[in-house]
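>>> coords please:
(one chain, ligands or ions: 2)
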Amino acid sequence: MNIQVLGAHNCESQSSKFTCLLIDDVLAIDAGGLTSSLSFQAQQKLKAILLTHQHYDHIRDIPAIGMTFFLHQATINIYSTQPVYDALTTYLLNGKLYPNFLEQPQPNPTIKFTIIEPYRTEQIEGYSVLATEVNHSVPTVGYQVTSPDGKTLFYTADTGPGLAHCWKYASPQLLITEIIGSDRYSESAKKVGHLTPSLLKQELITFQEVKGYLPQVVVVHMTPTLEKEIEAEIAVVAKALNNPITLAHEGMKLHL
Ligand SMILES: [Zn+2]
Ligand SMILES: [Zn+2]
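Ligands and ions are numbered 1, 2, ... in the order given. As a prediction, this is how the structure comes out:
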(Lines give C-alpha, C1' and ligand atoms only; values in the text may rest on other atoms or scores of the structure.)
(Ligands and ions follow the chains in the order given, each with its own letter.)
Protein backbone atom coordinates (compact mmCIF):
# COMPACT_ATOMS: atom_id res chain seq x y z
CA MET A 1 0.00 0.00 0.00
CA ASN A 2 1.41 3.36 -1.04
CA ILE A 3 0.01 6.37 0.77
CA GLN A 4 0.58 9.92 -0.31
CA VAL A 5 -0.29 12.83 1.96
CA LEU A 6 -1.78 15.44 -0.37
CA GLY A 7 -2.86 17.82 2.38
CA ALA A 8 -1.62 17.88 5.98
CA HIS A 9 -3.03 21.12 7.40
CA ASN A 10 -6.17 22.95 8.45
CA CYS A 11 -5.31 26.12 6.55
CA GLU A 12 -4.35 26.64 2.95
CA SER A 13 -1.52 28.58 1.30
CA GLN A 14 1.02 27.95 -1.46
CA SER A 15 2.80 25.53 0.84
CA SER A 16 0.02 24.02 2.95
CA LYS A 17 -3.14 22.25 1.83
CA PHE A 18 -6.35 21.03 3.43
CA THR A 19 -6.28 17.42 4.67
CA CYS A 20 -6.35 14.74 1.98
CA LEU A 21 -4.81 11.27 1.62
CA LEU A 22 -4.25 9.22 -1.53
CA ILE A 23 -3.90 5.43 -1.46
CA ASP A 24 -2.27 3.59 -4.39
CA ASP A 25 -3.26 6.48 -6.71
CA VAL A 26 -6.88 5.23 -6.82
CA LEU A 27 -8.52 5.80 -3.44
CA ALA A 28 -8.67 9.22 -1.79
CA ILE A 29 -9.74 9.90 1.78
CA ASP A 30 -11.21 13.38 2.14
CA ALA A 31 -11.06 15.96 -0.57
CA GLY A 32 -9.32 18.99 0.88
CA GLY A 33 -6.18 19.48 -1.22
CA LEU A 34 -7.19 16.91 -3.83
CA THR A 35 -7.42 18.58 -7.24
CA SER A 36 -4.83 21.23 -6.39
CA SER A 37 -2.29 18.46 -5.63
CA LEU A 38 -2.85 16.23 -8.68
CA SER A 39 -2.33 16.56 -12.43
CA PHE A 40 -5.41 15.95 -14.59
CA GLN A 41 -3.89 12.60 -15.52
CA ALA A 42 -3.54 11.68 -11.84
CA GLN A 43 -7.08 12.89 -11.09
CA GLN A 44 -8.46 10.57 -13.76
CA LYS A 45 -6.79 7.57 -12.11
CA LEU A 46 -9.02 8.09 -9.05
CA LYS A 47 -11.66 5.43 -8.60
CA ALA A 48 -13.23 6.42 -5.29
CA ILE A 49 -13.24 9.06 -2.57
CA LEU A 50 -14.12 8.35 1.07
CA LEU A 51 -15.37 11.39 2.98
CA THR A 52 -15.08 11.53 6.77
CA HIS A 53 -17.38 14.49 7.47
CA GLN A 54 -18.96 17.56 5.99
CA HIS A 55 -16.51 20.28 7.06
CA TYR A 56 -15.39 22.49 4.21
CA ASP A 57 -11.68 21.65 4.59
CA HIS A 58 -12.52 17.98 3.88
CA ILE A 59 -15.01 18.29 1.00
CA ARG A 60 -13.76 21.43 -0.73
CA ASP A 61 -12.49 19.79 -3.96
CA ILE A 62 -15.56 17.63 -4.64
CA PRO A 63 -17.09 20.08 -7.19
CA ALA A 64 -13.67 20.52 -8.81
CA ILE A 65 -13.04 16.78 -9.20
CA GLY A 66 -16.62 16.55 -10.48
CA MET A 67 -15.80 18.97 -13.29
CA THR A 68 -12.69 16.99 -14.29
CA PHE A 69 -14.68 13.75 -14.49
CA PHE A 70 -17.64 15.47 -16.19
CA LEU A 71 -15.40 16.80 -18.96
CA HIS A 72 -14.01 13.30 -19.49
CA GLN A 73 -17.50 11.75 -19.42
CA ALA A 74 -16.35 9.53 -16.57
CA THR A 75 -17.83 8.65 -13.19
CA ILE A 76 -16.24 9.05 -9.76
CA ASN A 77 -17.52 7.07 -6.77
CA ILE A 78 -17.93 8.89 -3.47
CA TYR A 79 -18.66 7.11 -0.20
CA SER A 80 -19.74 8.54 3.11
CA THR A 81 -22.44 8.53 5.75
CA GLN A 82 -25.97 9.94 5.45
CA PRO A 83 -25.18 13.28 7.21
CA VAL A 84 -22.37 14.01 4.74
CA TYR A 85 -24.64 13.20 1.79
CA ASP A 86 -27.33 15.48 3.22
CA ALA A 87 -24.89 18.37 3.71
CA LEU A 88 -23.40 17.97 0.21
CA THR A 89 -26.80 17.92 -1.49
CA THR A 90 -28.14 20.83 0.59
CA TYR A 91 -25.20 23.22 0.40
CA LEU A 92 -22.69 22.26 -2.28
CA LEU A 93 -24.03 19.98 -4.99
CA ASN A 94 -27.40 21.71 -5.21
CA GLY A 95 -27.25 23.09 -8.73
CA LYS A 96 -26.92 26.66 -7.45
CA LEU A 97 -23.22 27.03 -6.67
CA TYR A 98 -22.11 24.75 -9.50
CA PRO A 99 -23.59 21.92 -11.62
CA ASN A 100 -25.25 19.15 -9.63
CA PHE A 101 -22.93 16.31 -10.60
CA LEU A 102 -25.03 13.89 -8.54
CA GLU A 103 -27.79 14.21 -11.13
CA GLN A 104 -26.02 15.44 -14.25
CA PRO A 105 -25.51 14.40 -16.95
CA GLN A 106 -28.31 11.91 -17.48
CA PRO A 107 -28.42 8.95 -17.70
CA ASN A 108 -24.96 8.57 -16.06
CA PRO A 109 -24.30 11.35 -13.53
CA THR A 110 -20.65 12.27 -12.90
CA ILE A 111 -20.74 11.48 -9.17
CA LYS A 112 -22.06 8.15 -7.92
CA PHE A 113 -22.64 8.58 -4.19
CA THR A 114 -22.96 5.53 -1.95
CA ILE A 115 -24.14 5.93 1.64
CA ILE A 116 -22.26 3.69 4.04
CA GLU A 117 -23.10 2.56 7.55
CA PRO A 118 -20.52 2.75 10.35
CA TYR A 119 -19.23 -0.62 11.66
CA ARG A 120 -20.14 -2.49 8.48
CA THR A 121 -17.25 -3.56 6.25
CA GLU A 122 -17.58 -2.46 2.62
CA GLN A 123 -15.61 -3.70 -0.36
CA ILE A 124 -14.52 -0.66 -2.32
CA GLU A 125 -12.29 -1.04 -5.39
CA GLY A 126 -10.66 -4.14 -3.89
CA TYR A 127 -10.10 -2.57 -0.45
CA SER A 128 -11.94 -3.53 2.74
CA VAL A 129 -13.22 -0.34 4.29
CA LEU A 130 -14.67 -0.01 7.77
CA ALA A 131 -16.01 3.28 9.10
CA THR A 132 -16.10 3.95 12.85
CA GLU A 133 -17.68 6.96 14.55
CA VAL A 134 -15.34 9.47 16.21
CA ASN A 135 -15.91 12.52 18.44
CA HIS A 136 -16.04 15.73 16.44
CA SER A 137 -18.34 18.75 16.29
CA VAL A 138 -20.39 17.21 13.44
CA PRO A 139 -21.05 13.51 12.67
CA THR A 140 -17.66 12.12 11.63
CA VAL A 141 -16.22 8.71 10.82
CA GLY A 142 -12.68 7.43 10.77
CA TYR A 143 -11.77 4.76 8.22
CA GLN A 144 -9.84 1.53 8.44
CA VAL A 145 -8.64 0.62 4.95
CA THR A 146 -7.16 -2.81 4.23
CA SER A 147 -5.50 -3.44 0.89
CA PRO A 148 -5.92 -6.71 -1.07
CA ASP A 149 -2.51 -7.86 0.26
CA GLY A 150 -3.59 -7.31 3.88
CA LYS A 151 -1.89 -3.98 4.68
CA THR A 152 -4.00 -1.83 6.99
CA LEU A 153 -4.19 1.83 7.87
CA PHE A 154 -6.60 3.64 10.14
CA TYR A 155 -7.32 7.32 9.62
CA THR A 156 -9.13 8.88 12.57
CA ALA A 157 -10.29 11.96 10.63
CA ASP A 158 -10.93 15.08 12.74
CA THR A 159 -11.47 13.81 16.23
CA GLY A 160 -11.36 14.74 19.88
CA PRO A 161 -10.48 12.33 22.69
CA GLY A 162 -12.40 9.06 23.07
CA LEU A 163 -11.14 6.76 20.32
CA ALA A 164 -11.00 3.63 22.54
CA HIS A 165 -14.07 1.99 20.96
CA CYS A 166 -12.43 2.24 17.51
CA TRP A 167 -9.62 -0.07 18.57
CA LYS A 168 -12.11 -2.91 19.01
CA TYR A 169 -12.60 -2.80 15.25
CA ALA A 170 -9.22 -1.64 14.01
CA SER A 171 -5.74 -3.20 14.04
CA PRO A 172 -3.74 -0.87 11.83
CA GLN A 173 -0.06 -1.01 11.00
CA LEU A 174 -0.25 2.71 10.32
CA LEU A 175 -2.38 5.18 12.28
CA ILE A 176 -2.97 8.53 10.65
CA THR A 177 -4.51 10.93 13.12
CA GLU A 178 -4.88 14.61 13.78
CA ILE A 179 -3.46 17.34 15.95
CA ILE A 180 -4.82 20.85 15.63
CA GLY A 181 -2.59 22.72 18.05
CA SER A 182 -0.09 22.57 20.88
CA ASP A 183 -0.88 21.57 24.44
CA ARG A 184 -1.79 25.10 25.57
CA TYR A 185 -4.87 24.70 23.35
CA SER A 186 -5.95 21.35 24.84
CA GLU A 187 -9.08 22.69 26.57
CA SER A 188 -10.42 24.48 23.49
CA ALA A 189 -9.41 21.53 21.26
CA LYS A 190 -11.47 19.15 23.41
CA LYS A 191 -14.51 21.42 23.15
CA VAL A 192 -14.52 21.39 19.33
CA GLY A 193 -13.40 17.78 18.88
CA HIS A 194 -9.71 17.96 18.08
CA LEU A 195 -6.45 16.64 19.57
CA THR A 196 -3.21 18.11 20.88
CA PRO A 197 0.03 16.19 21.64
CA SER A 198 -0.93 15.41 25.27
CA LEU A 199 -4.48 14.39 24.25
CA LEU A 200 -3.06 12.11 21.54
CA LYS A 201 -0.68 10.60 24.08
CA GLN A 202 -3.65 9.43 26.19
CA GLU A 203 -5.31 7.92 23.10
CA LEU A 204 -2.11 6.03 22.23
CA ILE A 205 -1.73 4.74 25.78
CA THR A 206 -5.29 3.38 25.54
CA PHE A 207 -4.49 1.88 22.13
CA GLN A 208 -1.53 0.05 23.60
CA GLU A 209 -3.60 -1.21 26.54
CA VAL A 210 -6.33 -2.54 24.24
CA LYS A 211 -4.16 -3.89 21.40
CA GLY A 212 -0.85 -4.72 23.05
CA TYR A 213 1.20 -2.78 20.51
CA LEU A 214 1.56 0.67 18.97
CA PRO A 215 1.43 1.29 15.23
CA GLN A 216 3.48 3.78 13.27
CA VAL A 217 1.76 7.13 13.87
CA VAL A 218 1.50 10.00 11.39
CA VAL A 219 -0.19 13.30 12.23
CA VAL A 220 -2.11 15.63 9.90
CA HIS A 221 -4.43 18.69 10.22
CA MET A 222 -1.90 20.91 12.01
CA THR A 223 -2.37 24.65 12.35
CA PRO A 224 0.68 25.88 10.36
CA THR A 225 1.62 28.67 12.79
CA LEU A 226 1.71 26.17 15.68
CA GLU A 227 3.68 23.48 13.87
CA LYS A 228 7.05 24.11 15.54
CA GLU A 229 5.43 23.94 19.00
CA ILE A 230 3.49 20.79 18.07
CA GLU A 231 6.68 19.20 16.71
CA ALA A 232 8.58 19.81 19.95
CA GLU A 233 5.75 18.46 22.11
CA ILE A 234 5.13 15.42 19.91
CA ALA A 235 8.84 14.51 20.09
CA VAL A 236 8.48 14.30 23.88
CA VAL A 237 5.38 12.08 23.53
CA ALA A 238 7.14 9.80 21.00
CA LYS A 239 10.08 9.42 23.37
CA ALA A 240 7.85 8.67 26.36
CA LEU A 241 5.96 6.01 24.39
CA ASN A 242 9.10 4.76 22.63
CA ASN A 243 7.21 4.84 19.34
CA PRO A 244 7.71 6.94 16.19
CA ILE A 245 5.22 9.78 15.67
CA THR A 246 5.77 11.84 12.54
CA LEU A 247 4.18 15.11 11.50
CA ALA A 248 3.03 14.77 7.90
CA HIS A 249 3.78 17.28 5.16
CA GLU A 250 2.34 17.81 1.71
CA GLY A 251 3.86 15.29 -0.71
CA MET A 252 4.89 12.87 2.05
CA LYS A 253 4.95 9.26 0.86
CA LEU A 254 4.39 6.27 3.14
CA HIS A 255 4.69 2.61 2.24
CA LEU A 256 3.14 -0.38 3.97
ZN1 LIG B 1 -13.79 18.93 11.01
ZN1 LIG C 1 -10.80 19.61 9.45
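>>> ok, the residue in the stretch 1-150 of the chain positioned nearest to ligand 1 - how many residues close by?
With C-beta to the ion, the shortest gap between the stretch 1-150 of the chain and ligand 1 falls at His55, namely 3.5 Å. Bear in mind the C-beta positions are built from the backbone N, C-alpha and C, glycine included. For His55, the number of neighbouring residues by other C-beta atoms under 10 Å comes to 22.
>>> Please give me every residue in contact with the residue nearest to Asp24 when sequence neighbours are not counted.
Nearest non-adjacent residue to Asp24, counting by C-beta to C-beta, 6 or more residues apart in numbering: Asn2, 5.5 Å away. Asn2 makes contact with Ile23, Asp24, Asp25, Lys253, Leu254, His255, Leu256, according to C-beta atoms under 8 Å, 6 or more residues apart in numbering.
>>> farthest-separated two in the residues you listed?
Greatest spacing in the contacts of Asn2, by C-beta to C-beta: Asp25 and Leu256 (14.6 Å).
>>> Could you check how far Phe154 is from Asp61?
Between Phe154 and Asp61 the distance is 23 Å, computed by C-beta to C-beta, to the nearest Å.
>>> again, but for Ile176
With distances defined as C-beta to C-beta, the gap from Ile176 to Asp61 amounts to 19 Å.
>>> Looking at these two, which one has more neighbours?
Neighbour comparison, Ile176 and Asp61: the larger count goes to Ile176, with 29 against 26 (by other C-beta under 10 Å).
>>> Do I have it right that that one meets Pro215?
No: in this structure Ile176 lies outside contact range of Pro215 using C-beta atoms under 8 Å: 9.7 Å.
>>> what do the two both touch?
If you check Ile176 and Pro215 against C-beta under 8 Å, 6+ apart, the residues they both contact are Phe154.
>>> related to what we said a few turns ago, which residues are in contact with the residue of the stretch 1-150 of the chain closest to ligand 1?
When contacts are counted by C-beta under 8 Å, 6+ apart, His55 is found next to Val138, Asp158.
>>> Appreciated, that's everything.
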